[in-house]
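Trainee: Any chance you can model this:
(one chain, ligands or ions: 1)
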Amino acid sequence: MNPLVDPAPRGPLLGVNIDHVATLRNARGGAHPDPVEAALHALRGGADIITFHLREDRRHIRDEDVSRLREQVRAPLNFESALTGEMLELIERARPRMACLVPERRQELTTEGGLDVLGQLPRVREACARLAAIDCRVSLFIEADPAQIDAAVQSGAPCIELHTGAYADAVEAGDQATAQRQLARIREGIARARAAGLQTHAGHGLTLRSTPVLAAMPEVRELHIGHALVGHALFVGIEQSVRDFKACIESAAARPAG
Ligand code: PXP
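Mentor: Predicted structure coming up:
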């Protein structure tokens, strides 16, 4: 069985985003904590995919981290990047199993909003073709907006990752009305993507509280989680944190929502 293609019997695969380990390292300018070591620990805890975002400003992951991840990590790597010529060349050089194209703004604290696929369809289409040519599976990080999903279909990307930030933030804030509204939007997006033959992933802002609903949706094939998982790791260690998120995913998937 190929876990990247066949339906996941135990819920969506978990992509562990290690950016925040690099943020902590960079705060002191030294080598610790090492995001590559964090990736190896995450794999021991059961991570399926290692996700990282090489930002244009290199504020967390750096070019040398990417080389070391390539050398040391035997699991699939998911290279998140902005849609720029420089980044596409770096992906072509690194040859990760998968890439996720995201929007990037210099001043943002984290990736805000989804990629505007509709507004730059020819560029996105060209990037998807370039990455497909090196056997790199492309996912587009977008809002659950019907027009963006339709544009993603037009781009030739095989996958989308739906932005779950607004849903997850509402769950954390205890704002049930917003959480339900955002969830309905995500569900509609998933149904639209599925009808068009796109594989759907989800991520951003997910915590142990907001993950189960998404993990219970059989159409969601991957979840990409960073901040909450690395934060939880401060108290329980990274292997255990990954185990806790995997257990949360697997128990939700075992009782799918109707
Ligand atoms: N998915 C994508 C495309 C992202 O850009 C990020 C943040 O880097 C995540 C998932 C993970 O978000 P968080 O760190 O909030 O879990």
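Trainee: Just the strands from this structure, written as ranges.
Mentor: Listed in chain order, the strands of the chain (DSSP state E) span 13-17, 49-53, 77-81, 98-101, 137-142, 159-163, 199-203, 220-225.
Trainee: Remind me what the second one packs against, helices and strands.
Mentor: Helices and strands in packing contact with strand 49-53 are listed as strand 13-17, helix 19-28, helix 35-44, helix 63-72, strand 77-81, strand 220-225; criterion 3 or more C-beta pairs under 8 Å, 6 or more residues apart in numbering; DSSP states H and E. Quick note: C-beta positions are derived from backbone N, CA and C, even for glycine.
Trainee: can you put those in CSV and add mean pLDDT and mean neighbour count?
Mentor: Written out in CSV, the entries for the helices and strands packed on strand 49-53 read as follows (pLDDT from 0 to 100; neighbours: other C-beta atoms under 10 Å):
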stretch, mean pLDDT, mean neighbour count
strand 13-17, 98, 26
helix 19-28, 97, 18
helix 35-44, 98, 21
helix 63-72, 98, 15
strand 77-81, 98, 25
strand 220-225, 98, 26
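Trainee: okay, these in a markdown table with distance to A179 next?
Mentor: Formatted as a markdown table, these follow (distance: least, C-beta to C-beta, whole Å):
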| stretch | distance to A179 |
| --- | --- |
| strand 13-17 | 22 |
| helix 19-28 | 24 |
| helix 35-44 | 28 |
| helix 63-72 | 34 |
| strand 77-81 | 25 |
| strand 220-225 | 17 |
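Trainee: Could you dump these into CSV and include distance to the ligand?
Mentor: As requested, the helices and strands packed on strand 49-53 are exported to CSV (distance: least, C-beta to the nearest ligand atom, whole Å):
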stretch, distance to the ligand
strand 13-17, 5
helix 19-28, 6
helix 35-44, 13
helix 63-72, 14
strand 77-81, 5
strand 220-225, 4
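Trainee: how about the closest residue to A253 other than its chain neighbours, phi and psi?
Mentor: With C-beta to C-beta, 6 or more residues apart in numbering as the criterion, A253 has its nearest non-adjacent residue at 2.8 Å, and that residue is G11. Listed backbone geometry of G11 is phi 90, psi -180, with angles given as degrees, to the nearest 10.
Trainee: Would you format the strands of the chain as CSV with distance to V66 included?
Mentor: Putting the strands of the chain into CSV (distance: least, C-beta to C-beta, whole Å) gives the following:
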stretch, distance to V66
strand 13-17, 14
strand 49-53, 7
strand 77-81, 7
strand 98-101, 12
strand 137-142, 17
strand 159-163, 20
strand 199-203, 20
strand 220-225, 17
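Trainee: Okay, now the unreliable bits of the stretch 51-200 of the chain?
Mentor: Residue ranges of the stretch 51-200 of the chain with pLDDT under 70: 106-111.
Trainee: Would you map the helices across it?
Mentor: Along the stretch 51-200 of the chain, the segments classed as helices by DSSP state H, counting those that start in this stretch run 63-72, 85-94, 121-133, 146-155, 165-173, 176-195.
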